[in-house]
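Asker: Here is the input, now give the coordinates:
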Amino acid sequence: MESDLNLRSFYAGDSQKDNQLIQLLITCIEENYHNVAVVNYVKDQHISQQHACNFKPYNEEFLIQKQQQIANISQFTGKIKQYSRLTLEASDNKFLSSIKQENKFLSGYDIIAIKPKSEVVFTFLCTTLNFFDIITFDCYEKLPFIPKAKICKQLLDKNIMFEINYGDAIQDPNKRRQFISNAQIIINATKGRNILFSSDTSYWLYHRSPYDLVALGITIGLKKDQATQAVGLNADMVIKHGIHRKTCKGIICEAVQKDIDYFEEKKKSIKDKQLERINKKIKLSQDAYTIQQNDQ
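Answerer: Numbering: from 1, shown residues only. Presented below is the predicted three-dimensional model:
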């Protein structure tokens, strides 16, 4: 199902103030989007009460009433689901290290995205953190670093998505060349895997339909199936990843190296004994078969 998981809003949940968001949601309905996410931005700050999620999804009937004459609304056969998203902009590891997955304000969001502003932060994300769903970049300005394919693979294996935001490139023609260059760098680093197209806009005029985005993806180097996944399947995976992150808990056991070595040796010994027993059974079967052949 088609999705846009990056809609900007400054007064999310307040229908009196956020008319731009309402118009943007109506546009998403017109363009047959099924999932959207409204974003709250935090830049290098400790996650506290002021950053708690306050977004309340708008009723679909309310959205339709706001604009009675909506072209193509009859083509929309499903419901548009609205999710909350937090985007953390990180310039150093200290900020990220201070954030715990159990943070009650963090767990209030359906989707967590991180915008790394340095290669050190990006490497830290690949090797250490696991409480986020999306890596996002400002594609309209020069990237602060070039993502390396070897490091990106670690995130790809964790089903983390790489987000390409197109909204500013549509708004400002001068930013389009930089957008194309950055998008191609990200595509090359990921080999087209786990790419996610999002608008990152607050104004409906700069929003594009899924068909336009598939065409855009093919233009900047994605295969057709990869471009289609960038507005559909990959977004579904982000939503599922967020659900699992919020509901699944794990246990970490710390042990000294000598204990780890002991258990590894024990495990190897058990495997060797099992293999020895299997080989004995095979040999007995072969001997029995040979005796049977000789008797005949």
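Asker: Not counting its neighbours along the chain, what's nearest Ser118?
Answerer: Leaving aside its sequence neighbours, Ser118 sits nearest to Pro144 (CB to CB, 6 or more residues apart in numbering; 5.9 Å). (Each C-beta comes from the backbone N, C-alpha and C, glycine too.)
Asker: so how many other residues sit close to that neighbour?
Answerer: Around Pro144 there are 15 other residues, counting by other CB atoms under 10 Å.
Asker: Tell me which residues touch it, please.
Answerer: 116-119 (CB atoms under 8 Å, 6 or more residues apart in numbering).
Asker: As CSV, those with pLDDT, secondary structure and distance to Ser202 would be great.
Answerer: Converted to CSV, the contacts of Pro144 look like this (pLDDT from 0 to 100; DSSP: H, G, I helix; E, B strand; the rest coil; distance: CB to CB, whole Å):
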residue, pLDDT, secondary structure, distance to Ser202
Pro116, 90, strand, 23
Lys117, 89, coil, 22
Ser118, 88, coil, 27
Glu119, 89, helix, 30
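Asker: filter these to the buried ones?
Answerer: For these, a burial check counting by 16 or more other CB atoms under 10 Å picks out 116-117.
Asker: which of the contacts of Pro144 sit farthest apart?
Answerer: Using CB to CB, those span at most 9.5 Å, a distance reached by Lys117 and Glu119.
Asker: Show me how the chain divides into domains.
Answerer: If you go by automatic domain parsing, the domain ranges for the chain are 3-247, 256-296.
Asker: gap between the two ends of the longest one?
Answerer: It refers to domain 3-247. For domain 3-247, the first-to-last residue distance is 22 Å (CA to CA, to the nearest Å).
Asker: Centre of the chain to the strand or helix carrying Val120, how far?
Answerer: Val120 belongs to helix 119-127 when assigned by DSSP states H and E. From the chain centre to the centre of helix 119-127 is a distance of 16 Å (CA atoms, centre = their mean, to the nearest Å).
Asker: so what strands line up beside the helix or strand following that helix?
Answerer: Following helix 119-127 in sequence order, the next helix or strand is strand 134-136 (DSSP H and E). As defined by DSSP bridges, the strand partners of strand 134-136 come to strand 111-116 (parallel), strand 161-165 (parallel).
Asker: which residues touch strand 134-136?
Answerer: So strand 134-136 is contacted by 5-6, 87, 111-116, 122, 125, 155, 160-163, 165, 196, 198, 238 (CB under 8 Å, 6+ apart).
Asker: Any quick ChimeraX command for the buried ones out of those residues?
Answerer: Buried residues among these (16+ other CB under 10 Å), as a ChimeraX selection:
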select :5,6,87,111,112,113,114,115,116,122,125,155,160,161,162,163,165,196,198,238
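Asker: Spell out the secondary structure type for Lys266.
Answerer: On the three-state scheme (DSSP: H, G, I helix; E, B strand; the rest coil), Lys266 is labelled helix.
Asker: Quick one: residues contacting Ile151.
Answerer: 122-123, 126.
Asker: Look up how far Asp92 lies from it.
Answerer: 18 Å (CB to CB, to the nearest Å).
Asker: And for Cys28?
Answerer: In terms of CB to CB, Cys28 sits 35 Å off from Asp92.
Asker: And for Thr127?
Answerer: Taken as CB to CB, the span from Thr127 to Asp92 is 15 Å.
Asker: Same check on Trp204?
Answerer: 36 Å.
Asker: Tell me which of those two has more neighbours.
Answerer: Trp204 (19 against 13).
Asker: Helix or strand: which one has the closest residue to the more buried one other than its chain neighbours?
Answerer: Of all residues not flanking Trp204 in the chain, Thr27 sits nearest, at 4.1 Å (CB to CB, 6+ apart). Per DSSP H and E, Thr27 falls inside helix 19-30.
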